[in-house]
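Engineer: Take this sequence and fold it.
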Amino acid sequence: MSLSDGPTLDLTVVVPFFNPGDRVRETVDELVRTLSGTGASFEVVAVSDGSTDGSEEALAGLPGDVVRTVRLQHNRGKGEALRVGFTMGRGRFLGFIDADGDLPPEQMATIAAIARDAEAAPDVVLGSKRHPASQVVYPPLRRVYSWVWQQLVLALFGLHVRDTQTGLKLVRRDVLADVLPRMLEERFAFDLELLVVANRLGYHRFVEVPVRIRQRFGSTVSPRAVAGMLVDLVAIFYRLRVQRYYDAPDVQRAG
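Structural biologist: Below is the predicted model:
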C-alpha cells in the first residue's frame, strides 16, 4: 500500500523501537486499550530497528488485524523505522509514539481527538515538552539543550514550534504523502525534517499540545549525540536553503 492510496482506517500509530526489552509490549498493550475506547478504527505498526534483545518476541500473540510487527535486519535509526511503518500505514491520520513508555499512550488518543474534531484538521499535531501545561520532570542540562536547539530551529528555519523532538506526533495522510518522499533523515532529526519539509510545502497548521512524562528521563544526552544532531540540523539547512532539494518536483525517496 502507498500513502497516495486512500485510507481504510481512521488511525495508524507507528511504534519504533530498539532494544527496549518488555517495555514495548507494555506500551503496545496500553496503546491498544486506549485506542479501543475511542470509537476510531485503528492499527498499530511496531517496527523493530534491528533489535538484538529479543523484544520482538514480547509482541507475540497480539491480534494481527490490530497490531503488525516489522523487523528491520539492521539498526538504521528511528527515522528509518518510522519511514517503514508509515509507508505500511492505512490510516487517515498517521502518528507515532516512543516505545519506552515515558509518554503514556493515552496521550495518543488525546491528540487523535484534536485532529478529528477540528473544523479544519491540523496538518500536524505534536506533543511538546515545552508547552506551559506540560507535566515534565526535565533535568536542567536537557532544558538547556532543548532551548538551544529550538533557538537554532527558529533562526535557521523560521519554525515557530517550541519542541520539535518529543516522540508523539500525528500527521494527516495527504500531508505525509507529500512530505515523506522528500525526506532523507534516518536518525533523531527525522522529526525536525518532517516539520521543515511540511512547512516548505505550504503546510503550516501545526498544533502543539501538552504532554505528561511519567518517568524521569532515563538517558543522558552525550556530547556525541549532540554533535550528531547538529550535523543533521546543518544537513537539513543545506538541503533547504542551498541545494533546494525539497523543492524538486520529481523527488521520490519513499512510496
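
Engineer: Where is the longest strand in this structure?
Structural biologist: Taking DSSP state E as the criterion, the chain has its longest strand at strand 9-17.

Engineer: neighbouring contacts of the helix or strand following that strand?
Structural biologist: Per DSSP states H and E, the first helix or strand lying C-terminal to strand 9-17 is helix 23-36. Residues outside helix 23-36 that contact it (Cβ atoms under 8 Å, 6 or more residues apart in numbering): 11, 13, 15, 17, 20, 42, 44, 46, 55, 58-59, 62, 66-67, 97-101, 104-106, 108-109, 112. Using the backbone N, CA and C atoms, a C-beta is placed for each residue, glycine as well.

Engineer: Please, where are all the helices along the stretch 101-250 of the chain?
Structural biologist: With DSSP state H, counting those that start in this stretch, the ranges of helices along the stretch 101-250 of the chain come out as 106-117, 140-157, 173-179, 190-200, 223-237.

Engineer: got the contact list for the last one?
Structural biologist: Same thing as helix 223-237. Under Cβ under 8 Å, 6+ apart, the answer for helix 223-237 is 145, 149, 152-153, 156-157, 184-185, 187-189, 192-193, 196.

Engineer: Apply 10 Å and report the result again.
Structural biologist: 79, 145, 148-149, 152-153, 155-157, 165, 183-190, 192-193, 196-197, 219, 221-222, 243, 245-246 (Cβ atoms under 10 Å, 6 or more residues apart in numbering).

Engineer: again with the longest one
Structural biologist: Residues from elsewhere that reach helix 140-157 (Cβ under 10 Å, 6+ apart): 128-130, 136, 138-139, 159-166, 192, 195-196, 199-200, 217, 219-221, 225-226, 229-230, 233-234, 236-237, 240-241.

Engineer: List only those of the contacts of helix 223-237 flagged as buried.
Structural biologist: The neighbour-count test (16 or more other Cβ atoms under 10 Å) applied to the contacts of helix 223-237 identifies 79, 145, 149, 152-153, 156-157, 165, 183-186, 188-190, 192-193, 196-197, 246 as buried.

Engineer: what bits of the protein have low per-residue confidence?
Structural biologist: 1, 118-119, 215-221, 250-255 (pLDDT under 70).
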